[in-house]
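Trainee: Quick one: sequence plus predicted model below, questions after.
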Amino acid sequence: MEENQKHLEAKIGKVPEIFKELKETDPDLYGRVMGLDQMIWADGALSKQTKKIIAIAVAAALRDEHAVRAQMAGAGRLGVAKQEIEEGLRVAFLLAGMPAYVYGKTALEEYLGDRPRK
């Protein structure tokens, strides 16, 4: 696996196969996506951990199973606390409704709680 992909996988968890193939099928787009990824996830006004909580809340609101699980894996690697993710999911609940909260909370319990993973 290429170094940029290893770095991405360490940050977000499992990298989709289609993204791995992008380097071969469209190297220009791949390079731009990797550059954007590095820029977005870098510490700035918001820490990487805070950005990860936002990403989990957005993914839960969209009910994107892959994104929720990948972002949860990355959150664990960054040391984001379960309670921090819970607060982020409450914001998603307030703005996106109960389904987003339940979706995210289920994934949270599977990754950082006591429930077994699917």
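Mentor: Ah, there it is.
Trainee: Please tell me how far the residue positioned nearest the centre of the chain sits from E65.
Mentor: Averaging the C-alpha coordinates of the chain gives a centre point, and the residue nearest to it by CA atoms, centre = their mean is Q71 (2.0 Å). Taking CB to CB, to the nearest Å as the measure, Q71 falls 11 Å from E65. Every C-beta, even on glycine, is put in place using the N, C-alpha and C of the backbone.
Trainee: Same check on L112?
Mentor: Between L112 and E65 the distance, using CB to CB, works out to 17 Å.
Trainee: higher neighbour count, these two?
Mentor: Neighbour count, other CB atoms under 10 Å: between L112 and E65, L112 has more, with 17 against 13.
Trainee: Report the contact partners of the more buried one.
Mentor: In this structure, L112 makes contact with M72, A75, G76, K82, I85, judged by CB atoms under 8 Å, 6 or more residues apart in numbering.
Trainee: all helices in this protein, in order from the N-terminus.
Mentor: According to DSSP state H, the chain carries its helices in the segments 3-12, 17-25, 27-41, 48-62, 65-78, 82-96, 98-112.
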